[in-house]
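Novice: Following is a predicted model, sequence given first.
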Amino acid sequence: MSDRPASVDLVAAINGRRLRVLRSDRGLVLPQISGDDGWSDPPEILQVAQDPEGMIMVPAVLIESEPRSMLHVVAVGGGSSAEEWIELDDLDQLAHPPAVADAIRRSVAEYRGSAARPAGRPDWFHPDWQAGVDAWIDGVLGGTEVRRRAPSEVIKFWSLSAIVKVPVTGMDGQDAVFFKAACPLFRAEPALTQFVAGIARESVPDLLAVDTERGWMLMRAFDHDDDERQTWAAVPAAREIARLQMILVDRIDELIKIGAPDRRLPNTVDALTKIITGSVELDQLTADEQQAAQAALPWLIEHLTALEATGMPYTLGHGDLHLGNVALVDDQVLLFDWTDAAVTFPALDIALLARSSGVSDSPADRDAILDAYAHVWRESYPAADVDEALRLAPLANQIYQTVSYEGIYRAQEERTRWEIGGVVARTLRSLVKQWRASTQAAG
């Protein structure tokens, strides 16, 4: 995902018709998060709001002003008498830019239903969502020895997914399990994870329950060092994704039936063409860059066609296989976060894995990853030109990611596009640069 915009994090803690504020040398201001990752850290937001049982009302709002601000709006309890409060009707007293007050008013109206809920807003911003999650968890754990021992805690969310920590008793060696909810665009993730688990249970998170209609899944915890610079699991992960893809070659129809997007050549070409002529980020490109992208389209299509012609069959691609989505549990590689999975060209996953942070800086590590992956495919498909597929895969994967991000932009709430904004525009520029280099080399 793209880098989070540099900003100041402001927390608007609201109780009924009142807003908690602080008095500073600038006047009345909102509490501020001291860290640099508040938008994805609900516990920190609630801590600053001084109510661990508060409800984050709306997605973080990016305020384009000086200084640029990230606004978090939280429904809280009464607070102590030492706090200073103002009425929501008096928001103009804030020392912040007027856009902050406007965003607070709009957020409160949307949360209370006096303004329309924006299209694409995830369910986890509904007041009753977490209670519904707890009820579902209690239901699926009923009849087992495992029980929820305390209210669940949302530990991370954004416009695409929410992660909830669930304290439990009765589970060997664990005091918590984890719940994940996917946005409507990625609602097939639990079904796809469950499908992969059916053929290689040890290679995906241990699922306790799934709700395929709502895009929910409950899973056992597993140790994971969320540091993409770790390279220890890259080679075994390359072997494992190749093994899984090999098994799934003959299961494409089933995968599509349960919700895997069809990202084979015709659909990819169609999606790429629409992006180049009408992306939501097309206005970030100059007129010359837009013309160059259109000129590059035939070359990009030829590239994808050549990849299909290598003889490696279509299968399930993970879609986001970097080292941050790989773990090692009891010496077994675990591949998780199948959010972006689709039926596609198999070699795209290995192109992304080999480019993972900490790997791309070492040619020897990168070659070891590619060799481990290629070895599995060569044994079963000796007639396929695996080396050519690996050569073509990096650029094709850029196209794949462009299609993925464009789909996210169009599905998510428009004002949350900042979360991953700029990716499509940057990738189109990169594709144009590679087309020009190829044209110059050929000329």
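Specialist: Alright, I've got the coordinates. Numbers count the residues shown, from 1 in each chain.
Novice: Now do the buried residues in stretch 415-432.
Specialist: By 16 or more other C-beta atoms under 10 Å, the buried positions in stretch 415-432 come out as 415-421, 423-429, 431-432. Quick note: C-beta positions are derived from backbone N, CA and C, even for glycine.
Novice: Low-confidence ranges, the stretch 301-443 of the chain, go.
Specialist: 357-361 (pLDDT under 70).
Novice: one step back: which members of the buried residues of stretch 415-432 occur in helices, if any?
Specialist: In this view, those that belong to helices under DSSP state H are 423-429, 431-432.
Novice: Tell me the one of those nearest Pro122?
Specialist: Nearest to Pro122 out of those is Val423 (C-beta to C-beta; 19.7 Å).
Novice: and the gap between the closest one and Trp216?
Specialist: 27 Å (C-beta to C-beta, to the nearest Å).
Novice: Got the phi and psi for the nearest residue to Arg18 once chain neighbours are set aside?
Specialist: Distances taken as C-beta to C-beta, 6 or more residues apart in numbering put Trp85 closest to Arg18, at 4.3 Å, once the chain neighbours are dropped. When read as degrees, to the nearest 10, the backbone of Trp85 gives phi -130, psi 150.
Novice: Pull the contacting residues for Trp85.
Specialist: Counting by C-beta atoms under 8 Å, 6 or more residues apart in numbering, Trp85 touches 15, 18-21, 79.
Novice: Quick one, which of the residues you listed are buried?
Specialist: 15, 18-21, 79.
Novice: TSV for those, including pLDDT?
Specialist: Below are these laid out as TSV (pLDDT from 0 to 100):
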residue	pLDDT
Asn15	94
Arg18	95
Leu19	96
Arg20	94
Val21	95
Gly79	62
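Novice: Distance to Ala188 added to those residues, as CSV?
Specialist: Listed next are these as CSV, based on distance: C-beta to C-beta, whole Å:
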residue, distance to Ala188
Asn15, 39
Arg18, 42
Leu19, 40
Arg20, 41
Val21, 44
Gly79, 42
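Novice: Which parts of the chain are helices?
Specialist: With helices called from DSSP H, the chain shows them at 42-48, 98-112, 129-141, 189-199, 234-248, 252-257, 265-278, 287-308, 348-354, 363-380, 386-411, 423-442.
Novice: winner for burial among those?
Specialist: helix 348-354 (a mean of 26; mean count of other C-beta atoms under 10 Å).
Novice: Give me the distance between that one and the centre of its chain.
Specialist: With C-alpha atoms, centre = their mean, to the nearest Å as the basis, helix 348-354 stands 17 Å off its chain's centre.
Novice: cool, stretch 375-388 as well?
Specialist: That offset, for stretch 375-388, works out to 31 Å (C-alpha atoms, centre = their mean).
Novice: Figure out the length between the terminal residues of that stretch.
Specialist: Using C-alpha to C-alpha, to the nearest Å, the end-to-end distance of stretch 375-388 comes out at 14 Å.
Novice: circling back to that earlier point, the residue nearest to Arg18 bridge partners, please.
Specialist: Arg20 (DSSP bridges).
Novice: Below-threshold pLDDT in the stretch 1-150 of the chain: ranges please.
Specialist: If you take pLDDT under 70 as the line, the stretch 1-150 of the chain has these spans: 1-6, 35-40, 79-82.
Novice: mind redoing it with 50?
Specialist: The stretch 1-150 of the chain contains residues with pLDDT under 50 at 1-2.
Novice: That one: strands as residue ranges?
Specialist: 8-15, 18-24, 27-29, 32-33, 55-56, 61-63, 69-75, 84-87, 147-148 (DSSP state E, counting those that start in this stretch).
Novice: list the buried ones in the third one?
Specialist: Residues of strand 27-29 classed as buried: 28-29 (neighbour count, 16+ other C-beta under 10 Å).
Novice: right, and Leu304 touches Ile399 too?
Specialist: Yes: with contact defined as C-beta atoms under 8 Å, Leu304 reaches Ile399; the gap is 6.7 Å.
Novice: Quickly list what's touching both of these two.
Specialist: Common contacts of Leu304 and Ile399 (C-beta under 8 Å, 6+ apart): 268, 272.
Novice: burial count for the residue nearest to Asn325 when sequence neighbours are not counted?
Specialist: Distances taken as C-beta to C-beta, 6+ apart place Asp337 nearest to Asn325, at 4.5 Å, with adjacent residues excluded. For Asp337, the neighbour count with other C-beta atoms under 10 Å is 21.
Novice: rewinding a little: nearest to Ala341, out of the helices of the chain?
Specialist: Closest approach to Ala341 among these (C-beta to C-beta): helix 189-199, 5.1 Å.
Novice: and the closest one with helix 234-248, angle?
Specialist: Relative orientation of helix 189-199 versus helix 234-248 (axes from the mean of the first three to the mean of the last three C-alpha atoms, to 10 degrees): 90 degrees.
Novice: what's near enough to touch Leu328?
Specialist: By C-beta under 8 Å, 6+ apart, Leu328 lies in contact with 232-233, 236, 334.
Novice: ChimeraX command for the buried members of those?
Specialist: Of the contacts of Leu328, the buried ones go into a single ChimeraX selection, burial set by 16+ other C-beta under 10 Å:
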select :233,236,334
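Novice: Just put the contacts of Leu328 in JSON lines and tack on distance to Ala150.
Specialist: Formatted as JSON lines, the contacts of Leu328 follow (distance: C-beta to C-beta, whole Å):
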{"residue": "Trp232", "distance to Ala150": "34"}
{"residue": "Ala233", "distance to Ala150": "33"}
{"residue": "Pro236", "distance to Ala150": "36"}
{"residue": "Leu334", "distance to Ala150": "27"}
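Novice: Stretch 255-274 spans what distance, first to last residue?
Specialist: 25 Å.
Novice: Mind listing residues that contact that stretch?
Specialist: Under C-beta under 8 Å, 6+ apart, the answer for stretch 255-274 is 187-188, 191-192, 195, 212, 248, 297, 300-301, 304-305, 308, 314, 316-317, 341-344, 399-400, 402-403, 406-407.
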